[in-house]
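1. any chance you can model this:
(chains A and B)
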Amino acid sequence: MKYVLMFTDAGPAAWEAAGEARSKEVYEEMFTWFAEHGAAGRIVNAGAELQPVTTATTVRTGEAGTAPVVVDGPFLETKEVIGGFCIVDVPDLDAAVALASTWPGLQVGNTAVEVRPIVDHG
Amino acid sequence: MHGPPADAELARLVRDEAGRLVAGLARAIGDLDVAEEAVQEAIVEALEAWRRDGPPPNPGGWLTTAARRNAVDRLRRMALHRTKVAALARLAEAVEPAAGGRVAGVPDERGPDERLPLLFACCHPALPVAARIALTLRAVVGLTTAEIARALITSEATAAQRIVRAKRKIVQAGIALRVPSEDLVGRLDTVLTVVYLAFNEGYLTSSGDRAARRDLASDARWLAALVATELPGEPEALGLLALLTLLGAREPARFAADGGLVLLADQDRSRWDAAAIAEGTRLLERAAGRRRPGRFQLQAAIAAVHAEAGTWADTDWPQILALYELLRRHDGSPVVRLNQAVALAHVCGPAPALAEVDGLGDALRDYHLFHATRAELLHMLARPDEARDAGRRALALTGNPAERALIRARLAR
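-> Sure, this is the predicted structure:
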């Protein structure tokens, strides 16, 4: 089954608190994580790392009969913002959760990985 | 006429078959949602027909045939979904039982027990706790939605919605119907917690009108026995079964003639079920032999100390206090600390116990037994005004009529 793993962004303050050396280490662990699980066929799409949420622009439904509206900022004001994602292909939710639990980014700040199944149009 | 005992008998017949049928059908058609709906429909049909005509000679065969027919109907309606066509073809062949009731294409109902994998899926941590209980009762135990709603004191619409959402999540999120290979102890704890919560719902909500309500406590003991049988190497599974057996042994003494709840201190211990106490103690000894203590074994040990005391006055409180001290290492929850404070009151008096209880005020502000315990301790300390305030607070937070009656009686003294 295919799932999207959505990694929340620890935010600049958490990375700063971790220190430069530690941040570099975690980044390296992330690259290794992608390489390892990609080679094993568990990551089928490496997705993307996103620029900070401060760079986001949102296009949302306008008033009835009018064009969509462009809004500055993210579409939802939440504490947890997505910092990146990838697509994995594993047997079941337990396997997806086990994989998400090894995400190196969880070591920095108060972060999370959301595991969402992908709709199968097959 | 068939009264509640006949219904209880029918419920047992259903319970023996429901989980296996759901698991077997889910595996055959690859869709727990459809399988569960088909079995549920068969159960409702069965209860109606069996109440009218009495149970058939082979209730399992009856349910199997009805469930498969319903599954085929459902799959036919869904046949637009191409993925279901193959499953439909397999099932259509299987739906007409051959002579002797054996049916091809679907695992035999007396094959390997698939209820445990189903139970692990229903109790998956990815599901909300309330949904885990409702879905377990429906898919594994075979309760109807109406029975679940009455047992859990919720509306039928709410119960139905929880079940539907949980099943969809199992199917859509890819929750596997299997016993986990990793972190078995942790996931088993989740399962045992659901069984224990179901037992508590039955044990605590039972009151004057309990004849009208499903005996959830008995269903929970049945579930605990299923887990303990399938996982004989897991002492906590045995521990939970021991606990529920020991608590169940008090059942004949828990209600007065008028249906009111009788506290442990006031129960007529000659009415306790001696055979159940012996069985619970034996189960606990078997669990303890594995030398992996846990919270259910320790709670069972506490229940066993109560069971050993001939009278309330004979209770070995120092032993109980020591067991609570051990229990706290496995379960440091405020409720356990509250119960420990009660034991402390018996060993060291009400003053230190009250100090301990008052420290739990933030966590247990909305828990009626926190206020009821405080009321009792303040009463022992001859602080009647504060005792009454605490008692009123407890009353305001209690929904269960039997418990309300007890608190009222205390307020009146």
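2. from here on, just use CA atoms for contacts and neighbour counts.
-> Noted.
3. chain A: helices as residue ranges?
-> Secondary structure of chain A, counting by DSSP state H: helices at A:12-18, A:20-39, A:93-101.
4. and the last one, what does it pack onto?
-> Contacts of helix A:93-101 with other secondary structure elements, assessed using 3 or more C-alpha pairs under 8 Å, 6 or more residues apart in numbering or on different chains; DSSP states H and E, are made with strand A:113-117.
5. gap between the two ends of stretch B:378-389?
-> 10 Å (C-alpha to C-alpha, to the nearest Å).
6. any idea of the mean pLDDT in that stretch?
-> Averaging pLDDT along stretch B:378-389 yields 96.
7. buried residues in it, which are they?
-> Across stretch B:378-389, burial judged by 16 or more other C-alpha atoms under 10 Å in any protein chain shown covers B:378-379, B:387-388.
8. over to stretch B:169-187?
-> For stretch B:169-187, a neighbour-count test (16+ other C-alpha under 10 Å) marks B:169-177, B:179-180, B:187 as buried.
9. in strands, which of the residues you listed fall?
-> The members of these all map outside strands under DSSP state E.
10. tell me the two of those residues that are most distant?
-> Distances among the buried residues of stretch B:169-187 were taken as C-alpha to C-alpha; the most separated pair is B:172 and B:187, at 20.4 Å.
11. helix/strand/coil for residue B:375?
-> Three-state call for residue B:375 (DSSP: H, G, I helix; E, B strand; the rest coil): helix.
12. contact residues of chain B facing chain A?
-> With C-alpha under 8 Å from any C-alpha of the partner chain as the criterion, chain B meets chain A at residues B:172-176.
13. could you pull out the strands in chain B for me?
-> Counting by DSSP E, chain B contains no strands.
14. can you tell me the centre-most residue of it?
-> Closest residue to the average C-alpha location of chain B: residue B:198 at 2.5 Å, with C-alpha atoms, centre = their mean.
15. tabulate the buried residues of stretch B:378-389 (CSV), appending distance to residue B:413.
-> Formatted as CSV, the buried residues of stretch B:378-389 follow (distance: C-alpha to C-alpha, whole Å):
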residue, distance to residue B:413
B:378, 13
B:379, 10
B:387, 11
B:388, 10
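16. which residues sit in contact with residue 114?
-> Just going to use chain A. A:4-8 (C-alpha atoms under 8 Å, 6 or more residues apart in numbering or on different chains).
17. actually, chain B is the one I wanted.
-> Going by C-alpha under 8 Å, 6+ apart, the list of residues near residue B:114 reads B:19-20, B:23-24.
18. out of the helices of chain A, which one sits most buried?
-> Mean neighbours per residue, mean count of other C-alpha atoms under 10 Å in any protein chain shown, is largest over the helices of chain A for helix A:93-101, with a mean of 18.
19. quick one: mean pLDDT over that one.
-> Computed over helix A:93-101, the mean pLDDT rounds to 96.
20. PyMOL command for the buried members of the contacts of residue B:114?
-> In PyMOL syntax, the buried subset of these is picked out as below (16+ other C-alpha under 10 Å):
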select buried, chain B and resi 19+20+23+24
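21. and of the contacts of residue B:114, the nearest to chain A?
-> Distance to chain A across the contacts of residue B:114 (C-alpha to the nearest C-alpha) is lowest for residue B:23, with 17.1 Å.
22. in this structure that closest one contacts residue B:115, no?
-> Yes. If you go by C-alpha atoms under 8 Å, residue B:23 and residue B:115 touch, sitting 6.3 Å apart.
23. rewinding a little: distance to residue B:135, pLDDT and neighbour count for the contacts of residue A:114 - can I get that in JSON lines?
-> Shown next, in JSON lines, are the contacts of residue A:114 (distance: C-alpha to C-alpha, whole Å; pLDDT from 0 to 100; neighbours: other C-alpha atoms under 10 Å in any protein chain shown):
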{"residue": "A:4", "distance to residue B:135": "27", "pLDDT": "98", "neighbour count": "20"}
{"residue": "A:5", "distance to residue B:135": "27", "pLDDT": "98", "neighbour count": "24"}
{"residue": "A:6", "distance to residue B:135": "28", "pLDDT": "97", "neighbour count": "20"}
{"residue": "A:7", "distance to residue B:135": "31", "pLDDT": "96", "neighbour count": "24"}
{"residue": "A:8", "distance to residue B:135": "31", "pLDDT": "93", "neighbour count": "20"}
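24. what about residue A:45, neighbour count?
-> When neighbours are defined as other C-alpha atoms under 10 Å in any protein chain shown, residue A:45 has 15 of them.
25. now do stretch A:105-121: distance to the chain's middle.
-> Centroid separation between stretch A:105-121 and its chain, computed with C-alpha atoms, centre = their mean, to the nearest Å, is 6 Å.
26. so what's residue A:72 up against?
-> For residue A:72, the contact set (C-alpha under 8 Å, 6+ apart) comprises A:56-58.
27. check residue A:107 too.
-> Contacts of residue A:107 (C-alpha under 8 Å, 6+ apart): residue A:26.
28. residue contacts, residue B:159?
-> If you count contacts by C-alpha under 8 Å, 6+ apart, residue B:159 has them with B:134, B:145, B:148-149.
29. now residue B:332: phi and psi?
-> Here is the backbone geometry of residue B:332 (degrees, to the nearest 10): phi -90, psi 20.
30. neighbours of it, how many?
-> 14.
31. and stretch B:197-205, average pLDDT?
-> Mean per-residue pLDDT for stretch B:197-205: 79.
32. go on, stretch B:291-308?
-> Average pLDDT, stretch B:291-308: 97.
33. columns distance to residue B:360 on top of the buried residues of stretch B:169-187, output as JSON lines?
-> JSON lines is the format used below for those (distance: C-alpha to C-alpha, whole Å):
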{"residue": "B:169", "distance to residue B:360": "36"}
{"residue": "B:170", "distance to residue B:360": "37"}
{"residue": "B:171", "distance to residue B:360": "41"}
{"residue": "B:172", "distance to residue B:360": "41"}
{"residue": "B:173", "distance to residue B:360": "38"}
{"residue": "B:174", "distance to residue B:360": "40"}
{"residue": "B:175", "distance to residue B:360": "37"}
{"residue": "B:176", "distance to residue B:360": "39"}
{"residue": "B:177", "distance to residue B:360": "39"}
{"residue": "B:179", "distance to residue B:360": "37"}
{"residue": "B:180", "distance to residue B:360": "36"}
{"residue": "B:187", "distance to residue B:360": "28"}
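34. enumerate every residue touching the residue lying closest to residue B:375 once chain neighbours are set aside.
-> With sequence-adjacent residues excluded and distances taken as C-alpha to C-alpha, 6 or more residues apart in numbering or on different chains, residue B:375 is closest to residue B:387, at 4.2 Å. Residues near residue B:387 by C-alpha under 8 Å, 6+ apart: B:374-379.
35. what's the closest of these to chain A?
-> Of all these, chain A sits closest to residue B:374, with 37.7 Å by C-alpha to the nearest C-alpha.
36. rewinding a little: now, which of the contacts of residue B:159 sits nearest chain A?
-> Nearest to chain A among those, counting by C-alpha to the nearest C-alpha, is residue B:134 at 21.0 Å.
37. how close does the nearest residue to residue A:18 once chain neighbours are set aside get to residue A:31?
-> Once flanking residues are discounted, residue A:18 sits nearest to residue A:108: 6.9 Å by C-alpha to C-alpha, 6+ apart. Residue A:108 sits 15 Å away from residue A:31, going by C-alpha to C-alpha.
38. need the contacts of residue A:114 in TSV with distance to residue B:329, can you?
-> Output for the contacts of residue A:114, formatted as TSV (distance: C-alpha to C-alpha, whole Å):
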residue	distance to residue B:329
A:4	38
A:5	35
A:6	36
A:7	34
A:8	34
